[in-house]
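K.L.:
let me see the structure of the following:
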Amino acid sequence: MQTLQSAEAPPPPSQFEGLQIEQGDEPNHSHRIDFGDPDQAQLWELFMLGLTGPPLSVDECRALECAGLAKADMAEDGR
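P.N.:
Next comes the predicted model:
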């Protein structure tokens, strides 16, 4: 009688195989938002609107970029 040797089965193909993840620049943690500041609170509202609301204008995108809340190419991705 022969003993069965456990043969390792190849792992099933991953649904993420071949997926390339683009990594941007390191986040700039020097920009701290003071939500008590009316201007910063307005920027935060713009940021949240950009996530859930209609597309932001170019000026609104620039304001978010300056505050460190958006990527510089945000206006180019169709939003």
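
K.L.:
what does the model give Thr52 for pLDDT?
P.N.:
For Thr52, the pLDDT comes out at 70.

K.L.:
now swap in Ser57 and tell me
P.N.:
81.

K.L.:
and it, how many neighbours?
P.N.:
Ser57 has 11 neighbours, counted by other CB atoms under 10 Å. Every residue, glycine included, has its C-beta placed from N, CA and C.

K.L.:
ok, now Ala67?
P.N.:
Ala67, neighbours per other CB under 10 Å, totals 17.

K.L.:
how about it, phi and psi?
P.N.:
Here is the backbone geometry of Ala67 (degrees, to the nearest 10): phi -80, psi -10.

K.L.:
grab the nearest non-local neighbour of it.
P.N.:
The shortest distance from Ala67 to any non-neighbouring residue, by CB to CB, 6 or more residues apart in numbering, is to Leu43 (4.8 Å).

K.L.:
in the protein, where is pLDDT below threshold?
P.N.:
Filtered on pLDDT under 70, the chain yields the residue ranges 1-38, 50, 53, 70-79.
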